[in-house]
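A.B. asks: how would this look folded up:
(2 chains)
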Amino acid sequence: MSFVKGLKCRECGRTYPIEAIYVCEFCFASLEVDYDYDALKKAVTRSQIESGPKSIWRYRALLPIDGEPTVGLHSGFTPFVRADRLAKTLGVRELYVKDDSVCHPTWSFKDRVVAVALSKAKELGFDTVACASTGNLANSVAAHGARSGLKRYIFIPSDLERAKILGTLVYAPILIMVRGTYDEVNRLCGEIAARHRWAFVNVNIRPYYAEGSKTVGFEIAEQLGWRTPGHVVCCAASGSLLTKIWKGFKEFEKLGLIEKTKTKIHCAQPQGCSPISEMILSGSDVLKPVKPKTIAKSLAIGNPADGYYARDAVKESGGTAEIASDDEIREGIQLLARTEGIFTETAGGVTVAVAKKLIEQGKISKNESIVLAITGNGLKTQDAIESSLAAPLVIDPHLSSFEDKVLTAT
Amino acid sequence: MSIKVRIPTPLQKLTNGQPEVEVTASTVQELIIELEKSYPGIQARICDEHANLRRFVNVFKNDEDIRFLKREKTPLKDGDEVSILPAIAGG
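C.D. replies: Residues are numbered from 1 along each chain as shown, chains lettered A, B, ... in the order given. Predicted coordinates for the structure are as follows:
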């Protein structure tokens, strides 16, 4: 049973049927899935969700598929970790990490969106899937698509981290490295999508794909005991995740599953690619695209399609934005690792660094609950921190060498 | 100046299904006006009521986003290729 009414233009409200389309023919804005919330309100309860599978599919009623889910049956429902040691370091009372660095199967939140996108692509009858990616999406489409027996064309910029390239190739997709930035890869894919009947998860399947990100918001609310926190700090590339976490909270509110949300959601971007944060901080109404230059390559989208919507979500919630430098990102990664034992990638380092700044600036109150949305795994971006870590102690296999070099040094 | 323009799928109904058309123009602004003359209705789709390009429309001249050039005033010359694309997300 599906509660989906159809697709609806985010700007002009025109409605469209459930097809592999993504843009309004009249005003060019993006299309979004429209649900029958009255019917959902009668059907969805806390206990019904709690008795569901420990994956994103426990929220299936709020996801845009018609039949049973077929992809990503183990994706999502990641750990929600109370981070007291990090809280102490930052001087706050109640801090949590939503830890998608261990999402199944490719260790980033993209496993959620791709689970939805490929389940939908199969329902729509596609046998070939494709994507433009800054790395995590590539890993996930390659892996989920392999298990689903789908043909996969994956397009990435050629300067990606080695681990993200290997972590795609191992699943044997057709991997295409494009000499250019992500924005150029994306433009090319927009043109390819117009000529081939492939399910481009971030182009013609995007309305369905993007809905998967709501599950981060659903899980935060459920795992916090059916309430939303005082603050969420979330990194932004296209701006879609942040927008959808907010949408997730608002949907739970609309369905009466939680009280009215008072969460302030904050946008975290890296210096060298921060068009959304800049727009929020300057109060501008125009998003200025940039040419990215940052170690946070998974966030290196200079022309973020959901930038305006992310700005709207931040504004509506009363949140704000900040920007983290490369050094602050490295320090953020290490701070989370040494206090909480969680190794996140550069994007997560941006989130930690920005949270630290907002707390120091007093924009996040020390007495309110805070959730950091950690979106990916540090093993994928080891290159970024290699030079800033301490060297191991090297000794000979003798007790005297141990006592000499280890006991005296530590 | 003859400019090749790549038309996105949602607009191809207005260009009789053609994915590529040629128009004569010396700036992007002129190109939009010329497109409208040949394919009525196209301007209202990609521009707002003040004739500015809508914020979800990306226009590229020879693969470069015109927002990095001179936006609507970006000059065009013979042989240039212009691509109109809706904004797309990813990551």
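
A.B. asks: okay, helices next: where are they in chain B?
C.D. replies: Along chain B, the segments classed as helices by DSSP state H run B:28-38, B:42-46.

A.B. asks: what segments of the stretch 251-400 of chain A are strands?
C.D. replies: Listed in chain order, the strands found in the stretch 251-400 of chain A under DSSP state E, counting those that start in this stretch are A:264-270, A:321-324, A:369-374.

A.B. asks: save these as a markdown table, and put in mean neighbour count too.
C.D. replies: Placement of C-beta: from N, CA and C, glycine included. Below are the strands of the stretch 251-400 of chain A laid out as a markdown table (neighbours: other CB atoms under 10 Å in any protein chain shown):
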| stretch | mean neighbour count |
| --- | --- |
| strand A:264-270 | 29 |
| strand A:321-324 | 25 |
| strand A:369-374 | 27 |
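
A.B. asks: I'd like to know which of those lies nearest to chain B.
C.D. replies: When the strands of the stretch 251-400 of chain A are ranked by proximity to chain B, the top entry is strand A:264-270, at 12.5 Å, counting by CB to the nearest CB.

A.B. asks: list the helices and strands the closest one packs on?
C.D. replies: strand A:231-235, helix A:240-254, helix A:275-282, helix A:307-317, strand A:321-324, helix A:346-360 (3 or more CB pairs under 8 Å, 6 or more residues apart in numbering or on different chains; DSSP states H and E).

A.B. asks: rank the helices of chain B by pLDDT, which is bottom?
C.D. replies: Set side by side, the helices of chain B differ in mean pLDDT, and helix B:42-46 is lowest with a mean of 91.

A.B. asks: alpha carbons of that helix, as PDB, please.
C.D. replies: The C-alpha coordinates for helix B:42-46 follow below in PDB (Å, rounded to 0.1, in the frame of the first residue of the first chain):
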ATOM      1  CA  ILE B  42      10.000  29.000 -24.200                       C
ATOM      2  CA  GLN B  43      10.900  32.300 -22.500                       C
ATOM      3  CA  ALA B  44       8.200  32.000 -19.900                       C
ATOM      4  CA  ARG B  45       9.500  28.600 -19.000                       C
ATOM      5  CA  ILE B  46      13.100  29.700 -18.400                       C
END
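
A.B. asks: what does it contact?
C.D. replies: A:25-28, B:10-11, B:14-15, B:32-33, B:35-36, B:51, B:53-54, B:57, B:84 (CB atoms under 8 Å, 6 or more residues apart in numbering or on different chains).

A.B. asks: for PyMOL, what selects the buried ones among those?
C.D. replies: Here the buried members of these are turned into a PyMOL selection, burial being counted by 16 or more other CB atoms under 10 Å in any protein chain shown:
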select buried, (chain A and resi 25+27+28) or (chain B and resi 10+11+14+15+32+35+36+53+54+57+84)
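
A.B. asks: so which of the helices and strands packed on strand A:264-270 is the most packed in?
C.D. replies: Each of the helices and strands packed on strand A:264-270 was scored by mean neighbour count; the highest is strand A:231-235, a mean of 29, by mean count of other CB atoms under 10 Å in any protein chain shown.

A.B. asks: do you know which of the helices and strands packed on strand A:264-270 lies nearest chain B?
C.D. replies: Per CB to the nearest CB, nearest to chain B of the helices and strands packed on strand A:264-270: helix A:240-254, 5.1 Å.

A.B. asks: contacting residues around that closest one?
C.D. replies: With CB under 8 Å, 6+ apart as the test, helix A:240-254 has contacts from A:37, A:41, A:62, A:109, A:210-218, A:220-221, A:228, A:232, A:234-236, A:258-261, A:263, A:265, A:267, A:305-306, A:309-310, A:312-314, A:316-317, A:373, A:375, B:89, B:91.

A.B. asks: quick check: end-to-end length of stretch A:290-308?
C.D. replies: Chord length of stretch A:290-308, first to last residue, is 15 Å (CA to CA, to the nearest Å).

A.B. asks: let me redo that: stretch A:8-19
C.D. replies: From the first residue to the last, stretch A:8-19 extends over 12 Å; the measure is CA to CA.

A.B. asks: show me which positions of it end up buried.
C.D. replies: Judged by neighbour count using 16+ other CB under 10 Å, the buried positions of stretch A:8-19 are A:K8, A:C9, A:R10, A:E11, A:Y16, A:I18.

A.B. asks: re earlier: the strands of the stretch 251-400 of chain A into a markdown table, with extra columns for distance to B:Q43 and mean pLDDT?
C.D. replies: A markdown table is the format used below for the strands of the stretch 251-400 of chain A (distance: least, CB to CB, whole Å; pLDDT from 0 to 100):
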| stretch | distance to B:Q43 | mean pLDDT |
| --- | --- | --- |
| strand A:264-270 | 34 | 98 |
| strand A:321-324 | 35 | 98 |
| strand A:369-374 | 41 | 98 |
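
A.B. asks: any chance of those strands in JSON lines, plus distance to A:R187?
C.D. replies: Compiled in JSON lines, these are given as follows (distance: least, CB to CB, whole Å):
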{"stretch": "strand A:264-270", "distance to A:R187": "21"}
{"stretch": "strand A:321-324", "distance to A:R187": "25"}
{"stretch": "strand A:369-374", "distance to A:R187": "28"}
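
A.B. asks: which one of the ones you listed lies closest to A:G149?
C.D. replies: Using CB to CB as the criterion, the shortest distance between A:G149 and those is 31.4 Å, found for strand A:369-374.

A.B. asks: B:Y39: neighbour count?
C.D. replies: 21 (other CB atoms under 10 Å in any protein chain shown).

A.B. asks: enumerate every residue touching A:C273.
C.D. replies: Residues in contact with A:C273, defined by CB under 8 Å, 6+ apart, are A:V290, A:P292, A:K293, A:T294, A:A296, A:L299, A:A300, A:I301, A:G302.

A.B. asks: just the buried members of those?
C.D. replies: A:V290, A:P292, A:T294, A:A296, A:L299, A:A300, A:I301, A:G302.

A.B. asks: brilliant, that's me finished.
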